[in-house]
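Colleague: build me a model from this:
(2 chains)
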2 protein chains.
Amino acid sequence: MAIFTAYDNAEILAALRVAAPHAEIHTDDQVAREHSANGNAQLEIDGRILAYVAAGDVADIQGVLKIARQYHIPVVPQGADTSTVIGADGLNGSIILSTVRMNRIKEISKGDLLAVVEPGVINGDLDKEARKQGLFYAPDPGSKPISSIGGNAATNAGGMSTVKYGATTDNVLGLKVVLADGREIKLGGRTYKHAFSYDLTHLFVGSEGTLGIITEITVKLNPIPIGTPVVGVAYFDNMTALAKGVENLRLSGIYPVTLEALDGLTVAALDRYEGTHYAEGAEAMLIFRLDAGGEASLKMAEQILTADHAKNIKVTSNPDEAGAIIKLRQDMLPAVFANGQHIMEDMAVPLSKLPEMMDYIAEVAKDLNVEIYTAGHAGDGNVHPTVIWPADQTEPPKEALQAIRMMFRKALALGGTISGEHAVGMSKNQWNNEELGFDVDEIQHQIKDLFDPLNILNPKRKID
Amino acid sequence: MAIFTAYDNAEILAALRVAAPHAEIHTDDQVAREHSANGNAQLEIDGRILAYVAAGDVADIQGVLKIARQYHIPVVPQGADTSTVIGADGLNGSIILSTVRMNRIKEISKGDLLAVVEPGVINGDLDKEARKQGLFYAPDPGSKPISSIGGNAATNAGGMSTVKYGATTDNVLGLKVVLADGREIKLGGRTYKHAFSYDLTHLFVGSEGTLGIITEITVKLNPIPIGTPVVGVAYFDNMTALAKGVENLRLSGIYPVTLEALDGLTVAALDRYEGTHYAEGAEAMLIFRLDAGGEASLKMAEQILTADHAKNIKVTSNPDEAGAIIKLRQDMLPAVFANGQHIMEDMAVPLSKLPEMMDYIAEVAKDLNVEIYTAGHAGDGNVHPTVIWPADQTEPPKEALQAIRMMFRKALALGGTISGEHAVGMSKNQWNNEELGFDVDEIQHQIKDLFDPLNILNPKRKID
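Modeller: Numbering: from 1, shown residues only, chains lettered A, B, ... in the order given. The predicted structure is shown next:
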């Protein structure tokens, strides 16, 4: 006996076209496939989407939600589609609602040190525009050249300079959000201090499209610090020694911008990929960047690293050389991913627990005989171990999955989180109870229910 | 006809004593009066409280809430009772629930750059303890020596160094909170990066005790920056010129820690109070502080201020002299309040709107013939105009109230907020609709209803 459906897709699509007149609406398989899965090896889109809708304006978004409410259709909000946690891939029968065409920088205000942008603006594009006025946009996820501010806000993306400038949430002053019921609300605003309302702005940041669709973001811009930044590399015998050096740099009062760790496997992969010779046989490389602290800061950094047994410290204030070093870190993902199938993970631990976490990852790799490339934003205790297995096996070996589970549990046992900056999506939503406990898990569902009683916004993700 | 009450107070108090065995419970008028009103001239406690309860532990708090739920008694959470917005004074028939005795610094972790404290810990006490380890606690409201971290978190208190280090919310990593239903939940944690849960931590920060009772706070600590800080004063012909100088300092890339503005009236009041001679007949004085930026930063600051027509810039890196200047700003409140009855206000505007706001305040004072002393944290657009009237009039003149209304509306018209760092309490809760609009006002009530369906937690405040 078949389930009797009251409406057929053609009818719904016709209504959708009327409700979202400025949207680009695609229903062919090709487009569906293009906007799904991100090459993520763990899971794939679980069926056929109803439509991919690239909204032209806020009214389109409101129209899509009206249809979604009417026909009870799941809506998957999508920015530039760079999620690493299966956060924005289509679900069976869903509408992918993309804000990628809403990519206007509405305002850069030098006087107010802020920008107002539509959600589809690419992070790097905003930064470039800001720099023309002597300012910059600080959050710099690895995906900076390709990810959108809307997606960054929805996932609370971090990056290399979070150590000094905070993650996306720390740089968001205000939002406009279209709720599931179609109302557009305005949260926060243009002031740097605010103690009036409940902080709903930052409740929406990091909510992964489950509470509403972000339609406008007001973000802080920073003045470019005076002086010349210095970028350096330092080598260590192992990641544990490196992590100790990182801790001492953070404690020193020189306020580094960037403290990136790469293990020996990762640097070797980079050398293969780039044709460079950074590895030098060392097991751990630190990339650091100091803003404008002058000679005193640099000298102190070198002293600390030397005391912590760093070998062969190289520093440069030449912009080309500095750029080459930073590019090395930016190219890490393709360089590592070139070695086989992969799952890249993301955990954060309290700062002092980084050495123990690093040790543990090395142990797990050895014990389970799994290849793990570990890098990360060591300055904020954020590690990215990437598990690699042979390219000809599409399914991850069970040891790979076991290694990830063990690393997650270790991060939690150390007082950490299993998502430092990549959010939850469909990859980690089963871990809510384990990380947060039952009470907070339940409160999350109550908040969700308050904003989205029909559960049409990005279901099966984040908390579900 | 009298209302028939099912329970008498003696019965409820007896139950309270059983439910909160480690609490100090007072019911006499003297104690009630001591813990009410804060000398605030606008409103007074609206009747007699049932009891003042100083909890000894979390179980006491849970016990108080159990009794409150059972007998439907309003609970007014209170820290060190320093609210400037009638945020923590007793209501008729209420229980004042103080956390002031829960004042243990549970942990200072140098390695993790954080502290874990009970809510009654005094801000300045934590800072002192942290400094013994080469760290400091950044948020520094004017009430630093007397206000509690719990109260600071409940109100999202700001301060002088918010320009560089953020307000309280930016320095909170995690919370424990007892909900109205008695459950203690744990939010956030010990990591500097976090992208797993909804950001409930910062929803509770600034919620003024209306959503739950904060029982533990994990806060960031910062390493003390290297080098010697410099403190300076600069004089301007008027506040508008000063505000322009502040904007240019912020834009310069030297990242000042503190940019405080005091108008001529305020400086003169300080001179009278302190026996100093800072006023020099100038209409506006800027106090600035630079961390450790070295000679280059200081030179640039001086150049900028000179170009913006500052007169007689004095700088010092002598700790005693620097301390004396900072103390001047800290003593501002008593010095200003000594001139009569007062209402001190708190607004924040977008950075570039500060000159216009300053101009407007001066106009209002002139037009309505009201004495307004204006100072503020100019570096984040946060102004504190204090309206003064003769000491022998207990009620504020209607022109004083009108002046405040006009300043509020101007701040909102400039894209600002009517509370930059003092929260809402009972002083500003009538303004919710005007600042936030109906939709957000309603959502705040829905959130409140979710966490506190009986409306026992700090009713008539914040959103009510």
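Colleague: just checking, next helix/strand downstream of the helix-or-strand element of chain A with minimal mean pLDDT?
Modeller: For chain A, the helix or strand with the lowest mean confidence is helix A:29-34, at a mean of 72 (criterion: mean pLDDT, DSSP states H and E). Proceeding C-terminally, helix A:29-34 gives way to strand A:51-54 as the next helix or strand, assigned by DSSP states H and E.
Colleague: for the least confident helix or strand of chain A, C-alpha coordinates in PDB please.
Modeller: Extracted C-alpha coordinates of helix A:29-34, given in PDB (Å, rounded to 0.1, in the frame of the first residue of the first chain):
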ATOM      1  CA  ASP A  29      20.100  16.200 -10.700                       C
ATOM      2  CA  GLN A  30      23.200  17.800 -11.900                       C
ATOM      3  CA  VAL A  31      22.700  20.900  -9.700                       C
ATOM      4  CA  ALA A  32      21.600  18.800  -6.800                       C
ATOM      5  CA  ARG A  33      24.800  16.900  -7.000                       C
ATOM      6  CA  GLU A  34      26.900  20.000  -7.400                       C
END
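Colleague: tell me which residue of the stretch 251-400 of chain A lies closest to chain B.
Modeller: Scanning the stretch 251-400 of chain A for proximity to chain B using C-beta to the nearest C-beta identifies A:S352 as nearest, at 2.9 Å. C-beta here means a position set from N, CA and C on the backbone, and glycine is covered the same way.
Colleague: ok so that residue is a helix residue?
Modeller: Yes. With DSSP: H, G, I helix; E, B strand; the rest coil as the criterion, A:S352 is assigned to a helix.
Colleague: I'd say it and B:S109 touch.
Modeller: Yes. At 6.9 Å, A:S352 and B:S109 qualify as touching, with contact defined as C-beta atoms under 8 Å.
Colleague: the two: which has the busier surroundings?
Modeller: With other C-beta atoms under 10 Å in any protein chain shown as the criterion, A:S352 and B:S109 differ in neighbour count, and A:S352 comes out ahead with 22 against 17.
Colleague: list the contacts of the closest residue to the more buried one other than its chain neighbours.
Modeller: Nearest non-adjacent residue to A:S352, counting by C-beta to C-beta, 6 or more residues apart in numbering or on different chains: B:G111, 2.9 Å away. Residues touching B:G111, when contacts are defined by C-beta atoms under 8 Å, 6 or more residues apart in numbering or on different chains, comprise A:E247, A:L251, A:P350, A:L351, A:S352.
Colleague: A:R272 now?
Modeller: When contacts are counted by C-beta under 8 Å, 6+ apart, A:R272 touches A:A335, A:A338.
Colleague: where along the stretch 301-450 of chain A do the strands fall?
Modeller: Under the criterion DSSP state E, counting those that start in this stretch, the stretch 301-450 of chain A contains strands at A:311-316, A:341-344, A:347-348, A:371-377, A:382-389.
Colleague: compare these and say which comes out lowest on pLDDT.
Modeller: Comparing mean pLDDT over the strands of the stretch 301-450 of chain A, the weakest stretch is strand A:311-316, at a mean of 91.
Colleague: strand partners (parallel or antiparallel) of it?
Modeller: Paired with strand A:311-316 in the same sheet, following DSSP bridges, are strand A:230-236 (antiparallel).
Colleague: any idea which helix or strand comes after the strand it pairs with?
Modeller: helix A:239-251.
Colleague: the contacts of B:G111: which two are farthest apart?
Modeller: Taking every pair in those and measuring C-beta to C-beta, the maximum separation is 13.6 Å, between A:L251 and A:P350.
Colleague: which of those two has more neighbours?
Modeller: The residue with more neighbours, out of A:L251 and A:P350 and counting by other C-beta under 10 Å, is A:P350; that gives 24 against 19.
Colleague: so who does that one touch?
Modeller: Taking C-beta under 8 Å, 6+ apart as the definition of contact, the neighbours of A:P350 are A:G381, A:L414, A:G415, A:G416, B:S109, B:G111, B:D112, B:L114, B:R190, B:T191.
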